[in-house]
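Visitor: Everything below, folded, please.
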Amino acid sequence: MKLVMLTYLEGDEKCVDRMLAELDVTSFTRMAVEGHGPAGSAGWYGEGAAYRSEMIIIFAEDETARRVLAGVQECTAVEDPRHPIRAFLLGVEDAAACRCQHPAQAESAD
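Guide: Model (predicted):
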């Protein structure tokens, strides 16, 4: 199992959503993040403004994870080419889940 982490500018959300749909990736976690980097032009306080970015985390089997990385490499229509969609592949050594029952399973046990 792998963990794939995608980072991208907020304006590229539709592009990322389309790519994931084409790859049949339907389960993921998305969160808004604040990106920081070298200041291109200083703001009011002499610092560069933060980038409005997003991050997606996907837990997937190895083959699906590799397809996501390949899909990112094929993307060309990003909002700002200086800020490409980035993908990171991490190995998952182990995983666990709680033993709580889904409400439907609890009802069928009665």
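
Visitor: Every contact and neighbour count from this point should use C-alpha atoms.
Guide: Will do.

Visitor: my guess is residue 5 contacts residue 85, does it?
Guide: No. Proximity of residue 5 to residue 85 does not meet the contact threshold set by C-alpha atoms under 8 Å, at 10.4 Å.

Visitor: Show me the helices in this structure, by range?
Guide: 13-22, 62-74, 103-109 (DSSP state H).

Visitor: Throw the ones you listed into a markdown table and include mean pLDDT, mean neighbour count and distance to residue 31, thanks.
Guide: Shown next, in a markdown table, are the helices of the chain (pLDDT from 0 to 100; neighbours: other C-alpha atoms under 10 Å; distance: least, C-alpha to C-alpha, whole Å):
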| stretch | mean pLDDT | mean neighbour count | distance to residue 31 |
| --- | --- | --- | --- |
| helix 13-22 | 95 | 15 | 11 |
| helix 62-74 | 96 | 16 | 18 |
| helix 103-109 | 67 | 8 | 27 |
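
Visitor: Could you dump the ones you listed into CSV with distance to residue 37 added?
Guide: Below are those laid out as CSV (distance: least, C-alpha to C-alpha, whole Å):
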stretch, distance to residue 37
helix 13-22, 20
helix 62-74, 21
helix 103-109, 46
